[in-house]
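Enquirer: Prediction below, plus the sequence it came from.
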Amino acid sequence: MDSTPTFLQGWLRIYIAATLLYIRSWRTLSIRNQYFFQMMESLSLPLIDLSSSDRISTASSIRQACMDYGFFYLINHGVDKQLLENVFDESRKFFSLPLEEKMKLARKGYLGFAPLHAENLDSSTTSKGDSKETFHIGPLQDDERHVNQWPSEDLLPSWRFVMEKYYKQVLSTGKRLSSLIALALNLDDDFFEKAGGALDRPLGVLRLLHYPGEMGVSDEVVYGASAHSDYGMITLLATDGVPGLQVCREKLKQPRIWEDVNHVKGGFIVNLGDMMERWSNCVFRSTLHRVMPTGKERYSIALFLDPNEDYIVECLSSCCSESSPPRFPPICSGDYLRDRITAAYSEASNG
Ligand SMILES: O=C(O)CCC(=O)C(=O)O
Ligand SMILES: [Fe+2]
């Protein structure tokens, strides 16, 4: 029997191959561009002015924001504008180093550099780790649990100086904010900061984030940061104006509705983490958020302000009553954070 394909069979093969190629490239394109088609609603979050002298009214606005959204903008926060720009500049310089140079500072514990796809914040929606690289800086005084890693001064002469200066300023802003959050929870304003309080020796982790613009071709959505709520107490986030951050206000409802969070020039985006939700017996909420790929390169800088690692987080007296008993057992802050962080990194390596 003659096995040479007939003229018609040949054309049929070419036609099928071209159709398959078209379907594949259309799928890839639609995954990469779904950010633009899917959700263009943006959320107007409450604006909190940290410089206001009316602390009672500010605390009451914070209470409302934390009950309704778990997110708000913080303006007049006292962090030097030029310093913040310098941090973004230094961050860009670090992330543009060759990978082998960055890997010399690969994370030990949770401090240092983590490359693309090292972390997966939501393994239920994507198997590939998030498309971001990060650098974590912990408490400036090294101890046996935290040893910071710094790029060499020959490579980046001002890096450490700029990061340390920013760390101190943003930590001090976070503590000022925590006294208003205490008032918002009907506690004394020094509740968190007083001797023996959660922020007496706070754990502050500064996280530099870089989302590369080009994602490469993939059949699966590769998020900048997949859906998650932060683990700890309060996050103060500075963004560079490139969009991508979205929140989902109702984390238990399906389908999830995602709304864009716009950048506010000079302001921080503040959000609460799961530890704060537990502490407040769900009076305050930790809200699901993610960073979508937009095709544009993006930088952001987060400070995670968390209790000292030995602190026991248990339901606040102002947030429970006979009719509303504690919903969660007490936890040790350090153990809780360690478990959550370990899970996010091992999910990525399994993926
Ligand atoms: O980069 C952002 O806008 C958000 C980062 C974030 O959610 C995180 O690091 O937990
Ligand atoms: Fe986050």
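Expert: Great, that's in hand. Given the structure is predicted, the values throughout are model-derived calculations rather than measurements. Ligands and ions are numbered 1, 2, ... in the order given.

Enquirer: so how many other residues sit close to the residue lying closest to Ser324 once chain neighbours are set aside?
Expert: Nearest non-adjacent residue to Ser324, counting by CB to CB, 6 or more residues apart in numbering: Asn281, 6.6 Å away. Placement of C-beta: from N, CA and C, glycine included. As a burial measure, the neighbour count of Asn281 was computed by other CB atoms under 10 Å and equals 19.

Enquirer: Asn281 in helix, strand or coil?
Expert: coil (DSSP: H, G, I helix; E, B strand; the rest coil).

Enquirer: So it is in contact with Ser323, correct?
Expert: No: taking CB atoms under 8 Å as the contact criterion, Asn281 and Ser323 are not neighbours in contact, 11.7 Å apart.

Enquirer: Show me the residue of this protein that gets nearest to ligand 1, please.
Expert: Ranking the residues of the chain by distance to ligand 1 (CB to the nearest ligand atom) places Ser300 first, at 3.4 Å.

Enquirer: So which residues on the chain come close to ligand 1?
Expert: Contacts of the chain with ligand 1, taken as CB under 6 Å from any ligand atom, map to Arg207, Leu209, Ala225, Asp230, Leu237, Thr239, Leu245, His289, Val291, Ser300, Ala302.

Enquirer: Next, format those as TSV and append pLDDT, secondary structure and neighbour count.
Expert: Converted to TSV, those look like this (pLDDT from 0 to 100; DSSP: H, G, I helix; E, B strand; the rest coil; neighbours: other CB atoms under 10 Å):
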residue	pLDDT	secondary structure	neighbour count
Arg207	98	strand	17
Leu209	98	strand	22
Ala225	93	strand	23
Asp230	97	coil	25
Leu237	98	strand	22
Thr239	98	strand	24
Leu245	98	strand	22
His289	97	strand	25
Val291	96	strand	26
Ser300	98	strand	25
Ala302	98	strand	22
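
Enquirer: Closest to Lys102 out of those?
Expert: Ranked by distance to Lys102 (CB to CB), the residues of the chain next to ligand 1 are led by Leu209 at 13.7 Å.

Enquirer: quick one: contacts for the closest residue to that closest one other than its chain neighbours?
Expert: Closest residue to Leu209 in three dimensions, ignoring its sequence neighbours and counting by CB to CB, 6+ apart: Ser300, at 4.7 Å. With contact taken as CB atoms under 8 Å, 6 or more residues apart in numbering, Ser300 is in contact with Leu209, Tyr211, Leu237, Ala238, Thr239, Asp240, Leu245.

Enquirer: Can you tell me which of the residues you listed is nearest Cys332?
Expert: Among the contacts of Ser300, and counting by CB to CB, the member closest to Cys332 is Leu237, at 25.9 Å.

Enquirer: Show me the beta-bridge partners of the closest one.
Expert: With DSSP bridges as the criterion, the beta-bridge partners of Leu237 are Ile269, Ala302.
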